[in-house]
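Asker: What follows is a predicted structure for the sequence shown.
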Amino acid sequence: MRDNFGREITYLRLSVTELCNLRCRYCMPEDGVCKKSHADMLTEDEMVTAAKAAAALGITKIRITGGEPLVKRNILSICERISDIEGINELCLTTNGTLLKEFAVPLKKAGVSRLNISLDTLDPEKFAHITRRDGFEAAAEGIRAAVEAGFEKIKINAVLIGGFNDDEIVSLAELTRKYPVDVRFIELMPMYDSGDFKQDAYLPVDAVIEELGSMEKLPGNGGVADLYRLPGALGNIGLISAVSNHFCGSCNRIRLTADGKIKPCLHSDVEFSVKGLDFEGMKAQMETAILGKPACHDPLSAKERSHAGRNMNQIGG
Ligand code: SAM
Ligand code: SF4
């Protein structure tokens, strides 16, 4: 369905858990999340009902996210049931990759066709610093397992952080020449509790264009990403200017959090609960949420933090 600004809403990001086996500094606090009561979180049946309600409103693509979706005990069953819903043509999943060695093949069998894998650095020590956990080897093995499993599309997502990985723009981009993957650079968003980044950590994606002089700009767009390609590469480079040049005008998505709140806008704390509702109740709430989408979110910068009211692990990115 269309929102009040004529935007066709076709994409739902469904967060299945707030929990994670990493602690990325830009995403969640070191001591993790205080585990909410089980009763406050959506059940598997509620997630499936919500996905059906979304499909009835014209959603065709669902991305499973988290927290880390692969720490969720029943993740394969959730994927399988959602991929069977009529009208859902695309089931994607975003993961930190550390559990993909075990899950790549089962996820594909469960109907996931596309994977986004988050990886901010190719240096194991820097990985341990930014995620506050050792896990580089597991993530690298996970990416290899995903490539071997033959997903339709694999995108590696790197959050661009000045003073941390701006010296790795070339080596991360080179992955598109070695493997059949896209690499996307995402501007660091100033979330609620990710306050330990200094102003110079907030680099615009133009820094990538400057660094990778030989890139060719591709026509059209890759959703929220501007697409480029290195000569001879197997995959594309995507630039996501979430802060320096927002894409609210073409926003086609809503989000559903693991505790059952529909967020019409990532950077707003306006939320609509579907917890405990049946199909019709959920559909009505989603309709209200879609019609409640603002034209645009408030400006973001190193000094102007997101008004999301939650950290990213409680939203899903
Ligand atoms: N755990 C999974 C992962 O890391 O891919 C899925 C959830 S994570 C919240 C989804 C995406 O949000 C990841 O690509 C992560 O890098 C991104 N993200 C988290 N906090 C962010 C921030 N402050 N700015 C930009 N991207 C962020
Ligand atoms: Fe976990 Fe993903 Fe957040 Fe990192 S970005 S802490 S992997 S949810």
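Answerer: That came through, no problem. Ligands and ions are numbered 1, 2, ... in the order given.

Asker: Would you mind listing the residues in contact with Leu277?
Answerer: Leu277 makes contacts with Gln285, as judged by CB atoms under 8 Å, 6 or more residues apart in numbering. Every residue, glycine included, has its C-beta placed from N, CA and C.

Asker: so which helix or strand takes in it?
Answerer: According to DSSP states H and E, Leu277 maps onto no helix or strand at all.

Asker: For it, give its distance to Lys72.
Answerer: In this view, Leu277 and Lys72 are 21 Å apart by CB to CB, to the nearest Å.

Asker: Pro106 now?
Answerer: 13 Å.

Asker: quick one: which of the two has more around it?
Answerer: Neighbours of Pro106 and Lys72, each counted by other CB atoms under 10 Å, are more numerous for Lys72; the result is 20 against 14.

Asker: Residue numbers of the stretch 201-317 of the chain in contact with ligand 1?
Answerer: Residues of the stretch 201-317 of the chain found near ligand 1 (CB under 6 Å from any ligand atom) are 312-313, 316-317.

Asker: repeat that with 5 Å
Answerer: 312, 317 (CB under 5 Å from any ligand atom).

Asker: Sketch out the helices for the stretch 201-317 of the chain, chain order is fine.
Answerer: Using DSSP state H, counting those that start in this stretch, the helices of the stretch 201-317 of the chain run over 206-211, 279-291.

Asker: For His267, which of the ones you listed is the nearest?
Answerer: Proximity to His267, assessed across those by CB to CB, is greatest for helix 279-291 (14.8 Å).

Asker: could you dump the closest one to PDB, C-alpha only?
Answerer: Listed in PDB are the C-alpha atoms of helix 279-291, where the atom choice follows Å, rounded to 0.1, in the frame of the first residue of the first chain:
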ATOM      1  CA  PHE A 279      -4.100 -11.200  12.000                       C
ATOM      2  CA  GLU A 280      -6.800  -8.500  11.600                       C
ATOM      3  CA  GLY A 281      -5.500  -6.500  14.600                       C
ATOM      4  CA  MET A 282      -1.900  -6.700  13.300                       C
ATOM      5  CA  LYS A 283      -3.000  -5.600   9.800                       C
ATOM      6  CA  ALA A 284      -4.900  -2.600  11.100                       C
ATOM      7  CA  GLN A 285      -1.800  -1.500  13.200                       C
ATOM      8  CA  MET A 286       0.400  -1.900  10.200                       C
ATOM      9  CA  GLU A 287      -1.900   0.100   8.100                       C
ATOM     10  CA  THR A 288      -1.900   2.900  10.700                       C
ATOM     11  CA  ALA A 289       1.900   2.700  10.900                       C
ATOM     12  CA  ILE A 290       2.300   3.000   7.100                       C
ATOM     13  CA  LEU A 291       0.000   6.000   7.100                       C
END
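
Asker: Right, I'll leave it there.
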